[in-house]
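J.: Quick one, what's the 3D model for this:
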Amino acid sequence: MNKNQNYPKISVITPSYNQAEFLEKTILSILNQNYPNLEFIIMDGGSTDGSVEVIKKYEKYIAYWVSAKDDGQTAAINAGFKKATGDWVTFQNSDDVFAPNALLNVAKAIRNHPEDSVFYGHLLMIDGDDRVFEHKKQIPFWMQAQVYEGMQVFNQCMIFKRDLLTKYGYFDENYRFAFDYEICTRWGTHSEIKFRLVNDFWGCFRQHELAKSSTIFTVGLSEHEQIKHKYAQTIRPSFPERMLQKVIRLRKFVLFLTSGDLAYFFYRLRFTPKA
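T.: Residues are numbered from 1 along each chain as shown. You can find the predicted model right below:
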């Protein structure tokens, strides 16, 4: 028996554009997973900063790559998904990284819960020098929290069945930042799509001066509000919205309390905006 048959085929897409400073770290974080059934695809938008030279350094380990002008990050990811042949797909931006053994741990969860469609985990926030400055734990997915609080799934540590894209549509290319929030919310409207939390830190989101995310507080928040308004029309809150925010926080408190991790709940309060 081919040993790869014990591991679901995972396709990882990396969209890239002028991120040569961090791209090699992203590539190595994927290749060093030593995952035996990996398909790695890089969609570069025509970088001029040395990114192509970095890609060529590892091209014998890359299933497919291209460097050409595209219509932006969301379009590049979609194009990569359309090239992918894995039963499971994910994407990792060219300045973010996977934690060691992330894909092996995910594969184990997939084998244990084959009925689920989306797997996600906890996130580490890192700076340009790979220093961890914040950690974010997630709890089981709840659609009302997804709509009225915000993203319950981090794209840096999310993987899903490829056929979700053909059945329910690809990432919405009208969004520059919040396309991941939109598609998870879209999936959440379908009861047959099951989300599964993998209780592990397996993705790292890098914040640095040149990151596209540095402008998220202008364009990104506007997109988020558009998506929230769209789905709030069909996902009605169980309580008045102001009360719902307290219910969402109480739910987190109870879940972390019952899991023996109440210290984390109070840790997160330091990052919660004051009402």
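J.: okay, CA-based contacts and neighbour counts for the rest of this
T.: Noted.
J.: Tell me who's in contact with I62.
T.: E39, F40, I41, I42 (C-alpha atoms under 8 Å, 6 or more residues apart in numbering).
J.: one more time with 10 Å, if that's ok
T.: I27, L31, L38, E39, F40, I41, I42, I55, K56 (C-alpha atoms under 10 Å, 6 or more residues apart in numbering).
J.: Can you say which of these are buried?
T.: I27, L31, L38, E39, F40, I41, I42, I55 (16 or more other C-alpha atoms under 10 Å).
J.: Point out the ones among those residues that are inside helices.
T.: Residues of the buried ones among the contacts of I62 located in helices (DSSP state H): I27, L31, I55.
J.: Present these as a markdown table; the columns should include pLDDT and distance to Y267.
T.: Output for these, formatted as a markdown table (pLDDT from 0 to 100; distance: C-alpha to C-alpha, whole Å):
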| residue | pLDDT | distance to Y267 |
| --- | --- | --- |
| I27 | 98 | 32 |
| L31 | 98 | 33 |
| I55 | 98 | 39 |
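J.: out of those residues, who's nearest M151?
T.: I27 (25.8 Å; C-alpha to C-alpha).
J.: ok, now which ones touch that closest one?
T.: Taking C-alpha under 10 Å, 6+ apart, we find I27 in contact with 14, 40, 42, 54-55, 58, 61-62, 92-98.
J.: buried ones in the helix or strand where W202 lies?
T.: W202 belongs to strand 195-206 when assigned by DSSP states H and E. Residues of strand 195-206 classed as buried: F195, R196, L197, V198, D200, F201, W202, G203, C204, F205, R206 (neighbour count, 16+ other C-alpha under 10 Å).
J.: If I look at the residue most central in space within the chain, what pLDDT would I see?
T.: Central residue of the chain (C-alpha atoms, centre = their mean): N155, 0.9 Å from the mean position. Model confidence at N155, expressed as pLDDT, equals 95.
J.: Got the phi and psi for it?
T.: Torsion angles at N155 (phi, psi; degrees, to the nearest 10) stand at phi -70, psi -20.
J.: Run a quick neighbour tally on the closest residue to Y168 other than its chain neighbours.
T.: In space, and not counting its chain neighbours, Y168 is closest to W187: 7.6 Å by C-alpha to C-alpha, 6 or more residues apart in numbering. Using other C-alpha atoms under 10 Å, the number of residues around W187 comes to 20.
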